[in-house]
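Trainee: Got a predicted model here, sequence first, then my questions.
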2 protein chains.
Amino acid sequence: MGKTKIIAPPGVPFIDMEREFDAPREFVHRAYMDPELVVQWLGPRKYEMKIDQWDARDGGAYRYVHSNESGSHAFHGVFHSMDIDNMVQTFEYEGAPGHVSLDAQVLEDLGNGRTRMRSHSVFMSVEDRDVMIENGMGDGVEDGYNRLDELIARLQPVGASSN
Amino acid sequence: MGKTKIIAPPGVPFIDMEREFDAPREFVHRAYMDPELVVQWLGPRKYEMKIDQWDARDGGAYRYVHSNESGSHAFHGVFHSMDIDNMVQTFEYEGAPGHVSLDAQVLEDLGNGRTRMRSHSVFMSVEDRDVMIENGMGDGVEDGYNRLDELIARLQPVGASSN
């Protein structure tokens, strides 16, 4: 069992996720905003990530490539608000051009230096959503958030956590 | 009855529309791409439109304002592909920040210099979709496409139409 709750209800083109992190939400927010941090956690561990563009502001764009010995996968999209209370961005896998999805992520302060991330993704069709699930999106997400846990452990000052 | 077919099926966050135009699809495409044409037709007739930004390419952004004596309404978003076969863009009304939707529009060649536009919009929730419908989105769209008909009549060379 992973630590990420993933819900994909039948008949609607949504994926909802929840995950808690042992860091203040300002830190988690920075891990989404700063490409030097993003590159250390986003996506499956088996790939190396290269960021071509990461302009995390309303109207800005991003593009990155995940690569390993078996190949490369490129993704791009654009940002709307990237406020800590509402981070909205699009997502397009360049291997399936035109199948764009839209993600909204919220970072909630749980107190005691902990944060709950809630994300809501919408797809252009239920079929697009199901393809994403079938292609192992859940494993990739879990892997990425585990790496974000590790980044938090590396970067948080010793003794800052109450654990 | 308007000339635009608008379908908003219950229980899913979609709006689908269809409309035919008496112009070749390259012309209709240009009317979506070129801000000097867009400003002449997009949105309800009762507003004057001012375009702040219209960078219709993958990763580009747009913003425009509809105004009249009773007030102003601003909208912005970003583009993915703007190919004639798949024009994808986001849409956010600045009066309801964070409620972003995603539109995909296709221009089909019907022969005889005619074009069918099919659009598919997805919203972050069924409620967001319903608010859009309740706020008179259908009338605004119909008005806009009627103005696009008029733009086509003004700009197409005399005798180019088979009517």
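Mentor: That came through, no problem.
Trainee: Show the contacting residues for the most centrally placed residue in chain A.
Mentor: With distances taken as CA atoms, centre = their mean, chain A has A:Leu42 as the residue nearest its mean C-alpha position (6.2 Å). Contacts for A:Leu42 (CB atoms under 8 Å, 6 or more residues apart in numbering or on different chains) come out as A:49, A:64, A:144, A:147. Any C-beta I mention is one placed from the backbone N, CA and C, and that applies to glycine too.
Trainee: quick one: contacts for the closest residue to A:His29 other than its chain neighbours?
Mentor: Closest residue to A:His29 in three dimensions, ignoring its sequence neighbours and counting by CB to CB, 6 or more residues apart in numbering or on different chains: A:Ile84, at 4.6 Å. Each residue near A:Ile84 by CB under 8 Å, 6+ apart is listed here: A:25-26, A:29, A:107.
Trainee: what does A:Ile7 give?
Mentor: By CB under 8 Å, 6+ apart, A:Ile7 lies in contact with A:15-17.
Trainee: ok, and for the longest helix belonging to chain A, which residues are buried?
Mentor: Taking DSSP state H as the criterion, chain A has its longest helix at helix A:137-155. Within helix A:137-155, the residues scored as buried using 16 or more other CB atoms under 10 Å in any protein chain shown are A:137-138, A:140-149, A:151-152.
Trainee: Closest one of these to chain B?
Mentor: Set against chain B, the nearest of the buried residues of helix A:137-155 by CB to the nearest CB is A:Met137 (17.6 Å).
Trainee: so what's that closest one closest to, chain neighbours aside?
Mentor: Here the residue nearest A:Met137, using CB to CB, 6+ apart, is A:Ile15, at 7.6 Å.
Trainee: What parts of chain A come near chain B?
Mentor: A:11-13, A:53, A:58-59, A:61, A:63, A:76-81, A:86, A:88, A:90, A:92, A:97-98, A:100-102, A:104, A:120, A:122-124, A:126 (CB under 8 Å from any CB of the partner chain).
Trainee: now the strands for chain A?
Mentor: Using DSSP state E, the strands of chain A run over A:5-7, A:14-21, A:48-54, A:61-68, A:71-83, A:86-93, A:100-111, A:114-123.
Trainee: how about the longest one: buried residues?
Mentor: This points to strand A:71-83. So strand A:71-83, judged by 16+ other CB under 10 Å, has buried residues A:75-82.
Trainee: Specify which member of those residues is nearest to B:Thr115.
Mentor: A:Val78 (27.1 Å; CB to CB).
Trainee: got a list of what the closest residue to the closest one other than its chain neighbours touches?
Mentor: Nearest residue to A:Val78 in three dimensions, chain neighbours excluded: B:Val78, at 3.6 Å (CB to CB, 6+ apart). By CB under 8 Å, 6+ apart, the contact set of B:Val78 is A:59, A:61, A:78-80, A:90, B:59-62, B:89-90.
Trainee: next one: A:His66
Mentor: A:43-44, A:47-49, A:72-75.
Trainee: I figured A:Gln156 hits A:Phe27, correct?
Mentor: Yes - contact criterion CB atoms under 8 Å: A:Gln156 and A:Phe27 qualify, at 7.1 Å.
Trainee: Show me which of the two is the more surrounded one.
Mentor: Legend: neighbour count by other CB atoms under 10 Å in any protein chain shown for A:Gln156 and A:Phe27, higher for A:Phe27 (19 against 15).
Trainee: and the gap between that one and A:Leu151?
Mentor: 9 Å (CB to CB, to the nearest Å).
Trainee: Pull the most distant pair out of the contacts of A:Leu42.
Mentor: Pairwise distances across the contacts of A:Leu42 (CB to CB) peak at 14.4 Å, for the pair A:Tyr64 and A:Arg147.
Trainee: Tabulate the strands of chain A in JSON lines, adding columns for mean pLDDT.
Mentor: Shown next, in JSON lines, are the strands of chain A (pLDDT from 0 to 100):
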{"stretch": "strand A:5-7", "mean pLDDT": "96"}
{"stretch": "strand A:14-21", "mean pLDDT": "98"}
{"stretch": "strand A:48-54", "mean pLDDT": "98"}
{"stretch": "strand A:61-68", "mean pLDDT": "97"}
{"stretch": "strand A:71-83", "mean pLDDT": "96"}
{"stretch": "strand A:86-93", "mean pLDDT": "97"}
{"stretch": "strand A:100-111", "mean pLDDT": "97"}
{"stretch": "strand A:114-123", "mean pLDDT": "98"}
